[in-house]
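S.K.: Give me the fold of what follows.
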Amino acid sequence: MGRKKIIFVVPDMAGGGTEKVISLLADEYVREGMDVGILLFAGKEVAYPLDGRVEVYSAGEPSGGSLSVRIKRLRNMREYFCKNPEALIFSFSTIGTGFIVLSVLDEFLAGKRKMLVSERTDPQTCNHKPYRNFFYRFCKVLVCQTKEAVGCFPRRLSKKAVVVANPMDPKLPDVYEGCRSKRIVTVGRLQPVKNQKMLLEAYAAFEKECPDYTLHLYGKGDLEEELKAQAIRLGLREKIVFHGFSRQVAEDIRDAAMFVLCSDYEGVSNSLGEALALGIPSIATDCPIGGCRSYITHGVNGLLTPVGGQKELTDAMRRIAKEEGLADSLSKEARKVRERFCVERIAVAMYKALEERTVGKVGVCGDEDNNDTYADL
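M.R.: Next up, the predicted model:
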């Protein structure tokens, strides 16, 4: 592959799905002999462990709307990029893409920079589409997580697109083979888009028939106190447990009876992918752009429910708890995603998209006919 350098750009590494993907890819690239940097433009926190060879550079703190802070950030970003003139830039942030372009605009205009932009959520939900579309035009490659996401962009951007799924963590624990605990788990930031409020209501209805099951939420966020108050109103204070952010969440949930993701929209959910890889019988809302659908074939390796469908979610939970043999069959099929989305294949696909311009390819990396390896490069 040669001694290349990749610079990932993200606000910070505080502990979300995007940050987890960056940590996996960064470690994979350094294992393959590449130099890797992570440029944080709005913070210093790094929640996930990284290979010691990965360079982390903070270009600034959150601006709070301050122009002077943003100008200093741009100066620091320019200085860092100029010290790495041949590096490939992997932007994992919509706003960050704008800062990248502004910091070295002269180099982009002169064709001296190669940038990959990874769209991390449903493109339809972006509140700054003109900003996004203007700065995305400077990228060589636009990585989307599903075929449907590609179609959300104007033609001048969609023609640059390639579909690459999220990688699986190679350090995930083995699938739990014993008698599963009667715990229902969910993992994700406590934010409105994740719709944990609906999950609590659905669980309240489910618990009336299956009182031996408890609900466990892993993650932190703005809605934590509101959700705790909701649990009290539902009379389930002792049965709904808030664990906060966990660095070992896979170990924490591996013996759970079921995993639930009830987001209103998603890109591709890391937490869902890992739950499936752990063999946990899983339920997910069939969000726009098909991120959950790219992992789950309904009734085969998981269950899909409509967005906002509280009754359907309760029914799905009931099916896994009561329908004989369903949990076991879902678990056996779910664990197959480990190989389909292994980190090596995803890292190769992303690198190859930028270096070899394999764009316009909408087959999801992980499909049976996509078996790229480092030896192909």
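S.K.: and the longest helix for the protein?
M.R.: Identified as the longest helix of the chain according to DSSP state H is helix 67-83.
S.K.: what comes up buried for the lowest-mean-pLDDT helix or strand in the chain?
M.R.: Counting by mean pLDDT, DSSP states H and E, the chain has its least confident helix or strand at helix 337-340, which shows a mean of 87. Within helix 337-340, the residues scored as buried using 16 or more other C-beta atoms under 10 Å are 337-338, 340. C-betas here are computed from N, CA, C, even on glycine.
S.K.: Okay, now the unreliable bits of the stretch 201-350 of the chain?
M.R.: Scanning the stretch 201-350 of the chain for pLDDT under 70 picks out no residues.
S.K.: 90 instead, please
M.R.: When the per-residue scores of the stretch 201-350 of the chain are filtered using pLDDT under 90, the ranges that remain are 245, 247, 265-270, 287-295, 337-341.
S.K.: of the buried residues of helix 337-340, closest to residue 50?
M.R.: Comparing the buried residues of helix 337-340 against residue 50 with C-beta to C-beta picks out residue 338 as the nearest, at 21.9 Å.
S.K.: Quick check: closest non-adjacent residue to that closest one.
M.R.: Leaving aside its sequence neighbours, residue 338 sits nearest to residue 277 (C-beta to C-beta, 6 or more residues apart in numbering; 4.6 Å).
S.K.: what does residue 23 give?
M.R.: The spatially closest residue to residue 23, leaving aside those adjacent along the chain, is residue 48, at 4.0 Å (C-beta to C-beta, 6+ apart).
S.K.: I'd like to know how many residues surround the one you found.
M.R.: The burial count assigned to residue 48 is 18, neighbours taken as other C-beta atoms under 10 Å.
S.K.: got a list of what it touches?
M.R.: When the contact criterion is C-beta atoms under 8 Å, 6 or more residues apart in numbering, the partners of residue 48 are 13, 15, 19-20, 23, 247.
S.K.: and it, that one's in a strand?
M.R.: No - in this structure, residue 48 is coil, not part of a strand, as judged by DSSP: H, G, I helix; E, B strand; the rest coil.
S.K.: about what we covered before: show me what secondary structure element comes after the longest helix of the chain.
M.R.: Beyond helix 67-83 in the direction of the C-terminus, DSSP states H and E gives the next helix or strand as strand 88-91.
S.K.: could you point out which element follows that next one?
M.R.: That would be, after strand 88-91 and using DSSP H and E, helix 94-103.
S.K.: Outside of that next one itself, list whatever touches it.
M.R.: 9-11, 41, 70, 73-75, 77-78, 81, 89, 91, 108, 115, 117, 119, 126, 128, 131-132, 135-136, 138-139.
S.K.: Neighbour count says what about those residues? Which are buried?
M.R.: The buried subset of these (16+ other C-beta under 10 Å) comprises 9-11, 41, 70, 73-74, 77-78, 81, 89, 91, 108, 115, 117, 119, 132, 135-136, 138-139.
S.K.: For the stretch 101-250 of the chain, just list every one of the helices.
M.R.: 105-109, 129-136, 147-150, 155-158, 196-207, 224-233, 249-253 (DSSP state H, counting those that start in this stretch).
S.K.: same for the second one, what does it pack against?
M.R.: Using 3 or more C-beta pairs under 8 Å, 6 or more residues apart in numbering; DSSP states H and E as the contact criterion, the elements in contact with helix 129-136 are helix 94-103.
S.K.: Next, the buried residues of the helix it packs on.
M.R.: 94, 96-101, 103.
S.K.: go on, stretch 302-316?
M.R.: 302-305, 307, 309-310, 312-316.
S.K.: Nearest to residue 203 among those?
M.R.: Of all the buried residues of stretch 302-316, residue 314 has the smallest distance to residue 203: 7.9 Å, by C-beta to C-beta.
S.K.: any idea how far that closest one lies from residue 206?
M.R.: Using C-beta to C-beta, to the nearest Å, one obtains 5 Å as the distance from residue 314 to residue 206.
S.K.: Now do residue 171: how many residues are near it, please.
M.R.: For residue 171, the count of nearby residues is 10 (other C-beta under 10 Å).
S.K.: For the stretch 151-300 of the chain, just list every one of the strands.
M.R.: Remark: strands of the stretch 151-300 of the chain, listed N- to C-terminal, are 161-163, 183-187, 214-218, 240-244, 258-261, 282-285; assignment by DSSP state E, counting those that start in this stretch.
S.K.: out of those strands, which comes closest to residue 344?
M.R.: Taking C-beta to C-beta, strand 161-163 is the member of the strands of the stretch 151-300 of the chain nearest to residue 344, at 17.2 Å.
S.K.: Now do the same contact list for residue 152.
M.R.: Applying C-beta under 8 Å, 6+ apart, one finds that residue 152 lies in contact with 122-124, 289.
S.K.: quick one on the thing from earlier: quick one: which of the helices of the stretch 101-250 of the chain is nearest residue 324?
M.R.: Each of the helices of the stretch 101-250 of the chain was checked against residue 324 via C-beta to C-beta, and the shortest separation belongs to helix 196-207, namely 17.7 Å.
S.K.: For the closest one, C-alpha coordinates in CSV please.
M.R.: Coordinates of the C-alpha atoms in helix 196-207 are reproduced here as CSV (Å, rounded to 0.1, in the frame of the first residue of the first chain):
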residue,chain,number,x,y,z
GLN,A,196,-36.1,6.4,23.6
LYS,A,197,-39.4,7.9,24.9
MET,A,198,-41.3,5.6,22.6
LEU,A,199,-39.2,2.6,23.8
LEU,A,200,-40.1,3.3,27.4
GLU,A,201,-43.8,3.4,26.5
ALA,A,202,-43.5,0.2,24.5
TYR,A,203,-41.7,-1.5,27.3
ALA,A,204,-44.4,-0.4,29.8
ALA,A,205,-47.0,-2.2,27.7
PHE,A,206,-44.7,-5.2,27.2
GLU,A,207,-43.9,-5.4,30.9
